[in-house]
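K.L.:
test case, fold it:
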Amino acid sequence: MQDIQKKSGLSSHLWVVYFIAVILLGFIWYFQWLLGLVLTFVLAGILYYSIRIEYKLQQETENYIATLSHRVKRVGEEALLEMPIGIILYNEDYKIEWANPYMNRLIEDDTLVGQSLNILADDLASKIKENDDELWLELDGYHFQITIKKDDRLLYLSDRTTQSKIETRYHDEKTVLGIIFLDNYEEITQNMDDTLKSQLNSKVTSVLNSWSNDYGLYLKRTSQDRFLAVLTKETLDQLEKMKFDILDEVRELNAEQNLPVTLSIGIGVGDSILPELGEMAQSSLDLALGRGGDQVVIKDDVGKVRFYGGRTNPMEKRTRVRARVISHALRDLVQGSDNVIIMGHKAPDMDSFGAAVGILNIAKANDVEGYIVFDPDDIDTGVHRLVEEIKEDEDLWEHFIDPDESEALMTSRSLVVVVDTHKPSMVANERLLNKAEYKVVIDHHRRAEEFVDNPTLVYMEPYASSTAELVTELLEYQPNTLKLKMVEATALLAGIIVDTKSFTLRTGSRTFDAASYLRAKGADTVLVQRFMKEDLDIYIKRSRLIERAKIYHDTIAIAKGEPDEVYGGVLIAQAADTLLTMSGINASFVISERHDGRIGVSARSLGDVNVQVVMEKMNGGGHLTNAATQIEDTTIDDTEALLKDILEDYFIGGENE
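P.N.:
Residues are numbered from 1 along each chain as shown. As a prediction, the model looks like this:
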């Protein structure tokens, strides 16, 4: 039956109909043979006609399919050869076996067959060996997305140049907000007459307007000392490339007019909405001012911070109003607390220890119990002598506790005061900060990116010689019941003397005022000198370290410790201080291995080189003339090479990032 169907071309359902008709026709023949004869001829005619129609339709269908198959095959061949997508087949050796004409036209070579895939990009073959299924390639100004079929050793190159241009344009036209602040404007203009003030405003505004026109940014003055800047990411990239030369322009203008005004700029950038960009810009400005001003701070929406400028010493404030306000605010916080827990940084120096003693006296002056947290096993020789002197006063010594004891004293109303640092990772007990609701930060270092979370009160003055100087000023505005003991006043004075190198560095008029106040309270300068004495073996060890110093860039001394020789942090710092006293040396860096296995770098400067920003690039920090860092999992030689690369970039760039 099936063979008959195939030969006739009729479908199965028609054969069923004809089969039933034949059965009925048989019945008719049996009863009416004449009628049956007529119907037989009719049925035969219908069958013949149906077979012809069905066969014709089948032939037409077969012809259509054959034609369509030919067209599809032809289109596939043309698409393979002519469509604007690169196709490459390669062998096991990553050499090209076949490429469509589009690729040959793109490379403009006679043939790509037999050549390495690296003809497209130097490291293309090695990248294909990796697990990526997709790569991006730039070729003769075109951007291609490469889809990799490793099983077939096949590459598809799709032109994404237009898409890349749109993405670049989107990136370049992102809105960026900036806040420009005139440092010390109020202090400078408070004694000026209207004419001089007008001249100052005119000069600064003219320079800023010219700068904004050159770079195509919108600038609007919102107050006497503040401007709002609106720009694009492309403009920001240009400004960063020029290292924000506006800082130098304003500084030079001030030199001509003898008007010590500098700029601080805070910038917010990223995919955030405008209110969030504004908050980032203000946060960046606060960070710039906290670092002493005369610099630019850029913060993006992922928390990354970049610094430019900051090469000048912060100017000493002429007014002590802020010190009085901070002192009164601190007094109110102390009076409202159950107790005051004071922390300096790990391995405390004289400044950290002396400042802590000063805050302890503020607590006592307000009849609130105070405690100083420190680790007796983590102090150097000088501080050890001070501690031994304090131990002789039992009433004073009972206020010193170790880090573990401090947590038991914490209450919901405890006030934690951090002195001589603002980095949580550096305090004597970081867990206290996480538990405390009320926190105060008092520091003289330039503010870094890492900072205590949600402090209740912050007193940071980079112009100050030491934290001990700041705390001494706060003591002067405390209740008259305050009675400093001789050893307490001496501890504060020791902090000032050590940090100023006996009043030779970072010393302002208020530094001497603070020292005078402490001397009047009974500070013993002879006792300070006794604290600062050093052992003979340490002196010899430091001398050997200094002997290994070499001169770099004519005015920079770099000393490396001997291999496998361990030096303490204080000794490294002392060696850097000593090198700075040598003729012709403007900055010194000492590199050596520490007791904890890390590589320590101590940096000192007379002010021409901002060692703080150099150390920040090595994950450290400090002050413009006094900074340090500790690096893990490295060697002394690698640290020296990194330091030289950073210094090279510092001097070539003219500014620092």
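K.L.:
over to Ala557. Which of the three states is it?
P.N.:
Using DSSP: H, G, I helix; E, B strand; the rest coil, the structure places Ala557 in strand.
K.L.:
test my guess that Leu330 contacts Tyr438.
P.N.:
No: using Cβ atoms under 8 Å, Leu330 is not in contact with Tyr438, being 11.0 Å away. (Glycine included, C-beta is placed from N, CA and C.)
K.L.:
okay, these two: which has more neighbours?
P.N.:
Leu330 (26 against 19; other Cβ atoms under 10 Å).
K.L.:
now the end-to-end length of stretch 189-198.
P.N.:
Taking Cα to Cα, to the nearest Å, stretch 189-198 runs 10 Å from one end to the other.
K.L.:
what mean pLDDT does that stretch get?
P.N.:
For stretch 189-198, mean pLDDT rounds to 79.
K.L.:
in that stretch, which residues are buried?
P.N.:
For stretch 189-198, the neighbour count (16 or more other Cβ atoms under 10 Å) marks Thr189, Lys197 as buried.
K.L.:
repeat that for stretch 273-292.
P.N.:
By 16+ other Cβ under 10 Å, the buried positions in stretch 273-292 come out as 277, 280-281, 283-292.
K.L.:
same check on stretch 583-591?
P.N.:
Buried positions in stretch 583-591, judged by neighbour count with 16+ other Cβ under 10 Å: Ile585, Asn586, Ala587, Ser588, Phe589, Val590, Ile591.
K.L.:
which other residues reach it?
P.N.:
Stretch 583-591 has contacts (Cβ atoms under 8 Å, 6 or more residues apart in numbering) with 545, 549, 551, 554-561, 572-573, 575-577, 579-580, 599-606, 608-609, 611, 636, 639-640, 643.
K.L.:
and for stretch 360-372?
P.N.:
So stretch 360-372 is contacted by 330-331, 334-335, 337-343, 356-357, 359, 399-401, 406, 409, 471, 474-475, 478-479, 481-482, 484, 488 (Cβ under 8 Å, 6+ apart).
K.L.:
buried only: go through those residues for me.
P.N.:
Buried members of the contacts of stretch 360-372, counted by 16+ other Cβ under 10 Å: 330-331, 334, 337, 339-343, 356-357, 359, 399-401, 406, 471, 474-475, 478, 484, 488.
K.L.:
return the subset of the residues you listed lying in helices.
P.N.:
With DSSP state H as the criterion, helices contain Leu330, Arg331, Val334, Ala356, Val357, Ile359, Ser406, Val471, Leu474, Leu475, Glu488 from among these.
K.L.:
got those as TSV, with distance to Phe374 and pLDDT columns?
P.N.:
Shown next, in TSV, are these (distance: Cβ to Cβ, whole Å; pLDDT from 0 to 100):
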residue	distance to Phe374	pLDDT
Leu330	21	91
Arg331	24	90
Val334	20	93
Ala356	8	94
Val357	11	94
Ile359	13	95
Ser406	10	88
Val471	16	94
Leu474	20	93
Leu475	20	92
Glu488	15	93
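K.L.:
out of those residues, which comes closest to Gly114?
P.N.:
Ser406 (74.4 Å; Cβ to Cβ).
K.L.:
doesn't Val373 make contact with the closest one?
P.N.:
Yes: shown here, Ser406 and Val373 form a contact pair, counting by Cβ under 8 Å, at 4.6 Å.
K.L.:
what sits in contact with each of the two?
P.N.:
Ile341, Met343, Asn429, Leu432.
K.L.:
and for the last one, nearest residue in space, chain neighbours not counted?
P.N.:
If you skip the residues right next to it in sequence, Leu432 has Val416 as its closest partner in space, 5.4 Å away by Cβ to Cβ, 6 or more residues apart in numbering.
K.L.:
would you point out the most distant pair within the shared contacts of Ser406 and Val373?
P.N.:
Ile341 and Asn429 (8.8 Å).
K.L.:
now do the shared contacts for these two.
P.N.:
In contact with both Ile341 and Asn429: Val373, Ser406, using Cβ under 8 Å, 6+ apart.
K.L.:
is the nearest residue to Val305 once chain neighbours are set aside in a helix, a strand, or coil?
P.N.:
Ranked by Cβ to Cβ, 6+ apart and with sequence neighbours excluded, the top spatial neighbour of Val305 is Glu449, at 4.7 Å. When classified by three-state DSSP, Glu449 comes out as coil.
K.L.:
for Glu449, grab the count of nearby residues.
P.N.:
Residues near Glu449, counting by other Cβ under 10 Å, number 15.
K.L.:
and if you look at the one 3 residues further on?
P.N.:
Taking other Cβ under 10 Å as the criterion, the count of residues near Val452 is 21.
K.L.:
might one say that it is in contact with Tyr438?
P.N.:
No: checked against Cβ under 8 Å, the pair Val452 and Tyr438 is beyond contact range at 11.7 Å.
K.L.:
still on that earlier bit, in strands, which of the shared contacts of Ser406 and Val373 appear?
P.N.:
Assigned to strands by DSSP state E, the following of the shared contacts of Ser406 and Val373 qualify: Ile341, Met343.
K.L.:
with respect to Ser516, which of the shared contacts of Ser406 and Val373 is nearest?
P.N.:
Met343 (28.4 Å).
K.L.:
who's in contact with that closest one?
P.N.:
Counting by Cβ under 8 Å, 6+ apart, Met343 makes contact with 356, 372-374, 406, 416-419, 427-429, 432.
K.L.:
again, only this time at 10 Å
P.N.:
352, 356, 359, 371-374, 403, 406, 416-421, 426-430, 432-433 (Cβ atoms under 10 Å, 6 or more residues apart in numbering).
K.L.:
which of the residues you listed are buried?
P.N.:
Among those, those scoring as buried are 352, 356, 359, 371-374, 403, 406, 416-421, 426-429, 432-433 (criterion: 16+ other Cβ under 10 Å).
K.L.:
sorry, back to before: list residues touching both of Leu330 and Tyr438?
P.N.:
Val340, Leu415, Val417, Thr456, Leu457.
K.L.:
tell me the contacts of the fourth one?
P.N.:
Spelled out, it's Thr456. Under the criterion of Cβ under 10 Å, 6+ apart, the contact list for Thr456 reads Ala329, Leu330, Leu333, Leu415, Val416, Ala436, Glu437, Tyr438, Lys439, Val440, Val441.
K.L.:
try 8 Å
P.N.:
Thr456 is in contact with Leu333, Tyr438, Lys439, Val440, counting by Cβ under 8 Å, 6+ apart.
K.L.:
TSV for these, including distance to Phe307?
P.N.:
TSV is the format used below for the contacts of Thr456 (distance: Cβ to Cβ, whole Å):
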residue	distance to Phe307
Leu333	31
Tyr438	30
Lys439	25
Val440	26
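K.L.:
out of these, list just those in strands.
P.N.:
Under the assignment DSSP E, the contacts of Thr456 contribute Tyr438, Lys439, Val440 to strands.
K.L.:
which one of the residues you listed is nearest to Lys391?
P.N.:
The closest of the ones in strands among the contacts of Thr456 to Lys391 turns out to be Val440 (Cβ to Cβ; 27.0 Å).
K.L.:
just to check, that closest one is in contact with Asn454?
P.N.:
No: the criterion here is Cβ under 8 Å, and Val440 misses it with Asn454 at 11.7 Å.
K.L.:
looking at these two, which is more packed in?
P.N.:
Higher neighbour count among Val440 and Asn454: Val440, with 24 against 10, using other Cβ under 10 Å.
K.L.:
beta partners for the more buried one?
P.N.:
Val417, Leu457 (DSSP bridges).
K.L.:
so where is the stretch 251-400 of the chain shaky, pLDDT-wise?
P.N.:
Along the stretch 251-400 of the chain, segments meeting pLDDT under 70 span 254-259, 311-319, 381.
K.L.:
do a quick rundown of the strands in it.
P.N.:
Ranges of strands within the stretch 251-400 of the chain are 262-269, 295-300, 305-309, 339-343, 369-373, 400-401, based on DSSP state E, counting those that start in this stretch.
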